[in-house]
Structures are given as structure tokens and as C-alpha cells.
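Asker: The following block contains a protein sequence and its predicted model.
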Amino acid sequence: MTETARTDRPEPDVDVVVVGAGIAGLYLVYRLSRAGYRLRVFEAADDLGGTWYWNRYPGARVDVPSFDYMYSFDPDWQRDWQWSEKYARQPEILRYLNYVADKHDLRRHLTFSTRVRQAGWDDDASLWRVRTDRGDDVTARFVVMATGCLSVPKQTEIDGLERFTGEVYFTSRWPHDPVDFTGKRVAVIGTGSSGVQSIPVIAQEARQLVVFQRTPTFSIPAHNGQLSPERLAQFAANEADYRSAARMSPGGIPMERSITPTFSVTETEREQRYERAWEIGELFEAINVYADVMSNPAANHEFAEFFRNKIRAIVDDPQTATDLCPTDYPVATKRPCLDTNYYATYNLPHVRLVNIRKHPIRQVTETGIDTADESFTFDAIVFATGFDAVTGAITAVDIRGRNGLALKDKWANGPQTYLGLTTAGFPNLFLITGPGSPSVLSNMAVSIEQHVDWVLDCLGHLCARGFAVIEPTETAETGWTQHVNDCADITLFPAANSWYMGANVPGKPRVFLPYCAGVDFYRASCDEVVAHDYLGFTLSGPGGTECNDGVVRRLQPDVEMVLNRMAAMNLPTMESMPVEDARAFYNQMSAVRPPGPDVGEIVDGTLPGTSGDLAYRLYRPPTTPGPRPIIVYFHGGGWVVGDAISDDPLCRDLCVRSDAIVISADYRHAPEHRFPAAVDDAMAAVRWVADNAEALDGIPGLLAVCGWNAGGGLAAVVCRLARDMGGPNIIGQALLTPSTDGDMARASFTDNADGYGLTTALVRWLYDHYIDIADRRDPRFAPLQATDLSGLPPAIVVTAEFDPVRDDGDAYAIALEAAGVPTEHVRARGHTHKSVTMVDVAISGAPVRARIAKALRQFFAATRTPEPAA
Ligand code: N01
């Protein structure tokens, strides 16, 4: 009896049922059997191999290098196995999997030709009841779905197939006997990876080949061939290091994540870089050319254009070349392909491309295919039309969790998982490379091993601690699902109708299925969950229940990456420096950021402050000339650091998004000029801008204020002063993570004291430089302390979840609302004090800045529109 089964509950037939005997299933067998678990493994096919058992179509190959796409658990493999090619063919991979199974005696655990139909959780007995199509009825403590991400073929949606009297093939269910197309007229429908690989090979045999293409693909040449002896030797000498680098890499193949933005280098350099990627012929390498290919539309467009130029250069017929050029989705947002002679195949006289966007398929007939304007005769039709990916094989089993809940129903609006490994309401169920894990965006071999290792560690932990059941909490699962979406939302992935989005299957919910932040970040999350006592899981057993509930990733992914990068630099804190050094340091940090968008015009000038001239920078929108509303902006820097140009990218962004003139006005800084110098200057600046609106090409009367951090506080203060002093008339205020109170007792000063950029210690240092403790309730410093906030201009107040001054800002937004001021309160989830301002660095901040700009435009529009007559 195993440890896990040592409870007072009924003894299950086995400890673990594994569904599937592909790469994941075999590794599970290896680990589970050696750890002494009793197991059953059911496989629907009549042999092992999973994807490599089914996908035997001509030209089928792996699309990551062979020695990356293999197990790492067997250090001896080189003694008795050799890969023959850089990208192995399907028969060789299947032979490899058989070799592993035989070498480690895995086969005896496998039950073939048996499909698991149902798995139901018995809550009283704390076990799963598993039923197969062969009548097996097995109880198990745990069920592991090792069913693969691309194993359920998509149903064909083309009418009339049953009528066709010729041969019909699906790439995903290719016959075991050789198929000979010699002398035949063949149709291939579909131009994803399977189509791209099979089309050139089928063309070599067929008398005539017609390819029906709905969406063209981006493909790079594989440059397949022998493994280079040098690389192989290098790999063999350092295999352990190589494998560990793969585990900590973005995609599961050793590779540094590019941090160079596309447009930071010259056009010539970019062209050379793209060309090198084309020549290397490795997918992950290609996508990694520049840091922003998957996030910046312009960067992606340029890379896509490089591909299109290649296609035009290879394909002779201009119309065919045009049809083969993808134009309606960003490159790599659908899985790009690796090919051998794909595009050149269309230069063969017997090969033809039919663009079914222009010439839709009407039906399959007895003898071939009718499009809207042509009838084709074929001897064979090959469907390379893809899969019900990632979730299809999991929901194909009728899995019922607590209270009979069907997994299919739970996931009706899209899958929800914790770490892509587990799902709430389904205790003791593990998903290998499930939705919400890197899976299909990574080297599957590496991701599979990581998942299986995690599951084995988890089972070991349960055993050791006397627990029998593990289940994620709703909180943890919701948090993870949110994080998976947050990661996708800062990329271009959602812009494509891809199978990653479930868009290829009619009726399937549109949700980005894999986790796209990378294998390295993903592994860190899984490890962190374990390190924090299985954070977000409830563990229970005869000895009791334990739950350290929580969310493993709460920061926006790009914000977290920036914070990690900053932490790695181990920089000194500003509060440890003399003020002059702190200012120099602040400016130095500002110098290395992206510049922000182009504006129409930038003018630097001075305006009269209360005690001498103040610098300002004016940003004019890049639209048609003519007067515009004006936003007076006050920079951040805690009254001590920064100046009129220190928030330059943010001001540019604000200008472009709001289509208004932005005037960033300086103010005197502490400690040289302590409170209330900054307020006096801010007030003077607003007055001067209002008085000179026309001369500045602004629209008199359309004046709003905006500020970030201390500047947010100043913007709030001038609104109240302007109200009380009879002008100028300010029609809106936009306060971004404003400092609104001098009281540091609120929870956010403790909760977010350290680790999120602005620290509580730095806030205290800034306050101390700026203002005496005795003055900190003065509403010119702490607008929250004003007795009357009524009659102030409408406001948008943005507060950030991980900001020491968050609660001050929240309290101010609430106070404005309570005073009857129309207030939009935006709580920027997962953001820090500064991250929303990081233009082109923290992409997740862009929607927040868009809301600020929209609010400002609405303030202006409301003032422009005369009130309707009563
Ligand atoms: O499937 P796909 P796949 N009428 O979904 C078209 C992995 N893989 O089997 O894009 C007409 O990519 C469909 O058009 P559209 C790899 O991860 C790896 O090729 O939906 N056409 C598309 O062109 C890959 O991404 C390797 O508009 C229809 C094609 O069929 C994944 O498996 C090799 C249609 C389907 O492309 C899936 O690849 C092979 C219809 N009704 C696969 N329905 C390796 O190299 C669909 N299409 C390791």
C-alpha cells in the first residue's frame, strides 16, 4: 500500500490513472512507477506515441531541433541513440519513443486501444471512478490527463464529403500503410503546419496538386539536414548545463530573451538580423529577433513585411505570391511554420493555389470540389484542417468533479485553471500542459517534464504530510486565469483568429489558451507556489485541512518584469543619497527609457512664477492645425526631483491620446524651496496659461490640469485654490497616483512599503525635504484635508494597487464623489506608483492612460457642448 492510500477511506484500485501514452504519459509512467505508485495508463491508440503515433502524414517532422525535443531524464541516451537530422521525421521520433519505453520497461504499464470515457470524483470516498470504452471500471486516488494539446481533429465543416468517391485523408489520422499519390490528382485543404509540411512532399508524387488556402501562413525554411558535428559535440560535452539552460529559457530551448526594441537599431541592422533568422531556420530564434515583435504593431509589421518580401521573391507567379502573403494577422500570432521548399512548390507547373477567401468552397462532390466559380476533379482529398486544440482532448472525456459538475460545463466560457495544472472543483485531477500553461508556445518536451516533475513532487508532499486530497481554491484559480489573460493582453496574440484563441472551432469560446510569458516565468510561479506551502491549494486528509490561500502573480506581467530587472541591477536607494545625487540619478534613469510617441511640435519656454521664471515644455498634437484645449501638467518627483521635461514620454502620450496641447510646467523644488513654493508656482503656471491661451494656440476656457505623484497632488490643490480665488476656470482634473495626504498611517504605506519602486522610506524622505510635520494637514499639501471639496471640476483619479500612496488616492476619489464632484475612480490592478507612466515599457499601462485621455476629452467636449435649452 502506498503512503497516499493510507487513510481510513476505501482503498482505490490504483493510486494514479494516466490518460494517454504520448510523451507526457511515458514520462509519467517512468516517474510514477519508480516512485512506487500503482498505476493504470489508458491509451486510445493501439500503440504508444500520442501525436507521433497519429500524425504520420508525408513530411511530418518536429519543428524544434531533435535534441531539444527529447527527454532529459536519461543521461545515457547518447550511448545507444542518435538523431539523424536537425529536425527528425515522424518515424524517427516514434522509434525514439519506443526506444525509451523499451529501455526503461514502461510498456508493461500501458493499456492500448482503450479510450477513457468518463472520470467522476467520489467525494465520500475521496477517489476517482474511471470508465473506459472497453468496460474497465477503475478507482484511483489521482487522475492525470496526459492527452496532448493537439490530439482531437477538428470536425470538417465542408459540405458533401460523404459523397466523394475518391480517397479521403486527414493529416491527423494518417493511415499506417503507405499512401501512394503517384499519378493522382490531389487536393489539400489547409495551410497550417501540417499542410505546409505535407504539400511539398505530396507535390513530388501527385500528377496534379491543388491547395485550398483559407489563411496564408508565415513560414521560414527549416534548412534541415545532418546535425552539425560541432554543435552536437558542444551539446554532448555540456548536456547538463544545456538542459538546465533550456528549463530556464523563455521557450524551452536555451536562448537569451531579446531585450532590444526593433526601432532602436538601424534599418540595415534590422534587415541583417531578420536575414540571419531566416538562414538559421529555428522558430523560437526567429520570434526572438527583437524584444517587441510580439507587442509592438509597427515592429511586427516590419518583420512581417520581411517575410512577405521573401515570399514574393521565391514565388514566380505574382498573383500566387500575393495570395500566399499573410496580411490580416500579425506574424507569429498564429503558429509560424518551418518548411522545406513550401513556397517554391507553387512554382511547379502541376501545383496550383486556390485562395478560398476569393473563391469559396461550395461543396465536395462525387468527383471533387466545387468552388463558387470552378469545379475540380480529384482522386484524393487531404484535410490538413487542424485540431480542437488544448482543451479538446480534456473535455472529450466526461470529467465530473465535486457535486457532479462537468468540466465541459465549467469551461463553457473558456478554461479556468490554476497553473494550467489543476482546476477548482476537481480534486486530485492534474492536467499535463493544460490551458494556462506554456504548452504549445514552448518546447513541449521541456514543458511536459516540468509538469510531470511538479506533479510527482506534489504527490510526494501529500504523502509526506499525510494529506490525501489537493484542490486549488477559487481565489488562486481566478488570479491565475486573470494573469494568463493579462499576459496575452500585452501581446498581439489576441489580434489573430488562431487556434491559440479557440477561433478555428465554430462555437468555441474566444480565450487565449496557452500562457505566453515564457517557460522561465511560468516555472518560477510553479516553484513559488510550492515554496509558499502550496499557495492557493487546499490540502486535506485524515489529519486535517490546510490552505494557504492567495494569488501567485498579482502584478501586471510587464510591471513585474521591469521590477525584476531593476532589482537585479541592485541600485542604491534615492533616500540614501544627497539630494543633488538623487536628482542626477533620477535624470540618469529617465535617460534610458523609450522616447514615447511623436507629437506635432515641442516648444520649450519660460513662464513667470511667483519668484522668477519657470521652465515649461509645450507639446502640440500631431493633428490638423488649429486651436486645441490645453492641459497643464505637473511632473512627479516628490517636490524634490524631476522637472518640466522629466515626464516627457508621458506628456507626449497624453498629448497624442487627448488631442490637446500639454504644457508641462516646472515648479520650485525642495529642500531649497519648501512648502508652499511648489503650490504657488503651480498656481502661477495655471494662471499664466489661462491668460495666454489664445497666444499658445489654445482654446480659451478649455483648460484642464493633470499631474502624477506629487504633481497629482499639486493638480488637485490648484483646482481648489482656483475655485476659492475665483479663477482661472479649470474644467477637469486628471490625478495619476496622486499624493493627497500627509498621514502615512494608511495600510498601503505598510502593505506596499517596499519592492514596488516607490518605497514608504522614500516617501518619508521626500515629505521631510518638502514640508514640516506641523504643516502636513494644510490642504495646500494634503488636499484630502480640505473641509469642502464641492464645486471642484470633474475628476479622474487613478490609483495603483501596489503603491504606498494608493490609499491616499483612493480616499481622495471617495471624498470627491461624496462632495458631489463627478469622479471616475480607476484602480489600476497590478500596477505600481510609476508603472502607468512607463510609456512603451509597461504596455499594460496603456489602457489606463487611454482612460485618462478619454476622460480629459470628455471634460473638453462637455464644456464645448452648450447645455440644451430647458
Ligand atoms: O492545423 P492548423 P495544423 N476550410 O490549425 C485551414 C502543430 N503541428 O494541423 O487558418 C478551409 O494550424 C486553416 O485555415 P484558417 C503546430 O503547433 C506541429 O496544420 O483556420 N480551410 C489552416 O490553414 C501547429 O500549429 C508540427 O483560416 C480550413 C489549416 O486548415 C498545430 O499542430 C506539424 C478549414 C489548419 O491549420 C496545428 O497544425 C504539424 C475549412 N473549413 C502540426 N478549417 C510540427 O512541425 C481549417 N482550415 C511539429
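Answerer: Good, I have the coordinates.
Asker: roughly how far apart are the residue nearest to residue 341 when sequence neighbours are not counted and residue 376?
Answerer: Of all residues not flanking residue 341 in the chain, residue 200 sits nearest, at 4.5 Å (Cβ to Cβ, 6 or more residues apart in numbering). Quick note: C-beta positions are derived from backbone N, CA and C, even for glycine. Taking Cβ to Cβ, to the nearest Å as the measure, residue 200 and residue 376 are separated by 20 Å.
Asker: Same question for residue 321.
Answerer: Residue 321 sits 22 Å away from residue 376, taking Cβ to Cβ as the criterion.
Asker: do residue 414 as well
Answerer: From residue 414 across to residue 376, the span is 38 Å (Cβ to Cβ).
Asker: Of the two, give the one with the bigger neighbour count.
Answerer: For residue 414 versus residue 376, the count of surrounding residues by other Cβ atoms under 10 Å is larger for residue 376: 20 against 16.
Asker: OK, contacts around the closest residue to the ligand within the stretch 351-500 of the chain?
Answerer: Residue nearest to the ligand within the stretch 351-500 of the chain (Cβ to the nearest ligand atom): residue 386, separated by 2.5 Å. Contacts of residue 386 were listed using Cβ atoms under 8 Å, 6 or more residues apart in numbering, and they are 153, 154, 172, 190, 192, 194, 499, 504.
Asker: looking at it, residue 741 is touching residue 785, isn't it?
Answerer: Yes - with contacts defined as Cβ atoms under 8 Å, residue 741 counts as touching residue 785 at a distance of 6.8 Å.
Asker: Who has more neighbours out of those two?
Answerer: For the pair residue 741 and residue 785, the greater number of neighbours falls to residue 741 (24 against 16), based on other Cβ under 10 Å.
Asker: Could you tell me the model confidence score at that one?
Answerer: Note on residue 741: pLDDT of 95.
Asker: what separates it from residue 786, distance-wise?
Answerer: For residue 741, the distance to residue 786 under the criterion Cβ to Cβ works out to 11 Å.
Asker: rewinding a little: now rank the contacts of residue 386 by neighbours and give me the top one.
Answerer: Top of the contacts of residue 386 by neighbour number is residue 194, holding 26 neighbours under the definition other Cβ under 10 Å.
Asker: sorry, back to before: among the contacts of residue 386, which are within reach of the ligand?
Answerer: Among the contacts of residue 386, proximity to the ligand is found for 190, 192, 194, 499, 504 (Cβ under 6 Å from any ligand atom).
Asker: Just the ones in strands from those residues, please.
Answerer: Among these, no member falls in strands (criterion: DSSP state E).
Asker: what ranges do the strands span in the stretch 51-200 of the chain?
Answerer: With strands called from DSSP state E, counting those that start in this stretch, the stretch 51-200 of the chain shows them at 110-111, 116-122, 127-132, 137-145, 167-170, 185-189.
Asker: most tightly surrounded among these?
Answerer: Among the strands of the stretch 51-200 of the chain, strand 185-189 has the highest mean neighbour count (mean count of other Cβ atoms under 10 Å), at a mean of 24.
Asker: and that one, does that touch the ligand?
Answerer: Yes - using Cβ under 6 Å from any ligand atom, a contact is recorded between strand 185-189 and the ligand, made by residue 189.
Asker: CA-only coordinates of that strand in PDB, if you can.
Answerer: Taking C-alpha atoms only, strand 185-189 is exported to PDB below (Å, rounded to 0.1, in the frame of the first residue of the first chain):
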ATOM      1  CA  ARG A 185      -5.000  14.400 -58.800                       C
ATOM      2  CA  VAL A 186      -4.800  15.500 -55.200                       C
ATOM      3  CA  ALA A 187      -6.400  18.300 -53.200                       C
ATOM      4  CA  VAL A 188      -5.000  19.600 -49.900                       C
ATOM      5  CA  ILE A 189      -7.300  21.800 -47.700                       C
END
